[in-house]
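J.: model this:
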Amino acid sequence: MGNDHGHDHTHGANKKVLLISFIIITLYMIVEAIGGLLTNSLALLADAGHMLSDAISLGVSLLAFTLGEKAANYSKTFGYKRFEILAAVLNGLTLIIIAIYIFYEAIQRFQNPPEVASTGMLIIAIIGLLVNILVAWIMMRGGDVEENLNMRGAYLHVISDMLGSIGAIIAALLIIFFDWGWADPLASVIVAVLVLRSGYYVTKSGLHVLMEGTPQNVDVEDMIQTILNTKGIQNVHDLHVWSITSGLNALSCHAVVDDQMSIAESERLLRQIEHDLEHHNIHHMTIQLETSDHLHDDSILCKVQAESSGHHHHHH
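T.: Model (predicted):
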């Protein structure tokens, strides 16, 4: 049970961190968007767009954590834990759209660079940088940015956002000192590339989970070897490993055991395998034991017998 308690603790911490970050970023995004319009700076608007995507991703992550807590029921036996993955994909797609829009807008501006109120742009960009540093620090200190896909996505956003603010600061300085009007659309293109990149990665990892892909932190070969090395196991088949949501991996398989094995022995065997698999980042497992004569007979009847006699479900 220790594992579960740890999960709840980081969960609560993640939620608090997300809420604080969400409020700070949303407020500043509004400031930056207005600033971008007033100073006519695409770099600021691009950064505000980036912050909007941050705010969306933080808001959605918050919603996901809250919905994820809803208990499992008969229509959703795993609860609502998948929602945060759907959220991640949605968020990734939003980022890609924002990036494409900034590219389009920048091309127009390279052709005829408008006047930019560079001093205002500089001040707003510097405050933006400080806000991002603050939020990143809060996340590093309080949240689980290593393991949780949702928190990680939100954190990476903030980091690339920081780079966006730095870009806007440099562009403002170039306009002030050298009157290089094109520095503004150039900075916005750099931001757009960052937005596009994070959008692509978030979408890709989210889709991998939705496609029931093997979790990144599970070594399947190694895991099968662990099961086969257990005394009494002859063979393993019908093995599936997938993620329910980030940090929650599941496994199901059929394991072939010795014909003479007693029920007590097979129980002990299951306990052993379950214990060993916890070290392989598997949190939820269903292992069906069967004897070798069931393997060759494919009739439905035999399968049903095997199911009823050898099925063991364990939830950690």
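J.: what segments of the stretch 201-316 of the chain are strands?
T.: 233-245, 248-257, 284-291, 311-315 (DSSP state E, counting those that start in this stretch).
J.: want to throw those into a markdown table with mean neighbour count, mean pLDDT and distance to residue 203?
T.: Where you see a C-beta, it was placed from the backbone N, CA and C, and this is true even at glycine. Output for those, formatted as a markdown table (neighbours: other C-beta atoms under 10 Å; pLDDT from 0 to 100; distance: least, C-beta to C-beta, whole Å):
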| stretch | mean neighbour count | mean pLDDT | distance to residue 203 |
| --- | --- | --- | --- |
| strand 233-245 | 16 | 88 | 16 |
| strand 248-257 | 20 | 89 | 20 |
| strand 284-291 | 19 | 88 | 26 |
| strand 311-315 | 12 | 46 | 31 |
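J.: in a markdown table: these, plus distance to residue 49.
T.: Putting the strands of the stretch 201-316 of the chain into a markdown table (distance: least, C-beta to C-beta, whole Å) gives the following:
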| stretch | distance to residue 49 |
| --- | --- |
| strand 233-245 | 28 |
| strand 248-257 | 32 |
| strand 284-291 | 39 |
| strand 311-315 | 43 |
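J.: pLDDT weak spots in this protein?
T.: Across the chain, the stretches falling below the confidence threshold (pLDDT under 70) are 1-10, 71, 147, 149-150, 294-316.
J.: my read: residue 288 touches residue 254, true?
T.: Yes: the criterion here is C-beta atoms under 8 Å, and residue 288 meets it with residue 254 at 4.8 Å.
J.: which one of the strands of the stretch 201-316 of the chain lies nearest to residue 198?
T.: With respect to residue 198, and counting by C-beta to C-beta, the nearest of the strands of the stretch 201-316 of the chain is strand 233-245 at 19.7 Å.
J.: neighbouring strands for that closest one, and are they parallel or not?
T.: strand 248-257 (antiparallel) (DSSP bridges).
J.: any idea how far the strand it pairs with is from the chain center?
T.: Averaging C-alpha coordinates over strand 248-257 and over its chain gives two centres that are 25 Å apart (C-alpha atoms, centre = their mean, to the nearest Å).
J.: keeping just the C-alphas, turn that strand into PDB.
T.: Coordinates of each C-alpha in strand 248-257 appear next as PDB, following Å, rounded to 0.1, in the frame of the first residue of the first chain:
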ATOM      1  CA  LEU A 248      -0.100   3.900 -13.600                       C
ATOM      2  CA  ASN A 249       1.000   0.900 -15.700                       C
ATOM      3  CA  ALA A 250      -1.000  -2.300 -16.100                       C
ATOM      4  CA  LEU A 251      -0.200  -5.900 -17.100                       C
ATOM      5  CA  SER A 252      -2.200  -8.900 -18.000                       C
ATOM      6  CA  CYS A 253      -0.800 -12.300 -19.000                       C
ATOM      7  CA  HIS A 254      -1.300 -16.100 -19.000                       C
ATOM      8  CA  ALA A 255       1.400 -18.100 -17.200                       C
ATOM      9  CA  VAL A 256       1.700 -21.900 -17.700                       C
ATOM     10  CA  VAL A 257       2.500 -23.900 -14.600                       C
END
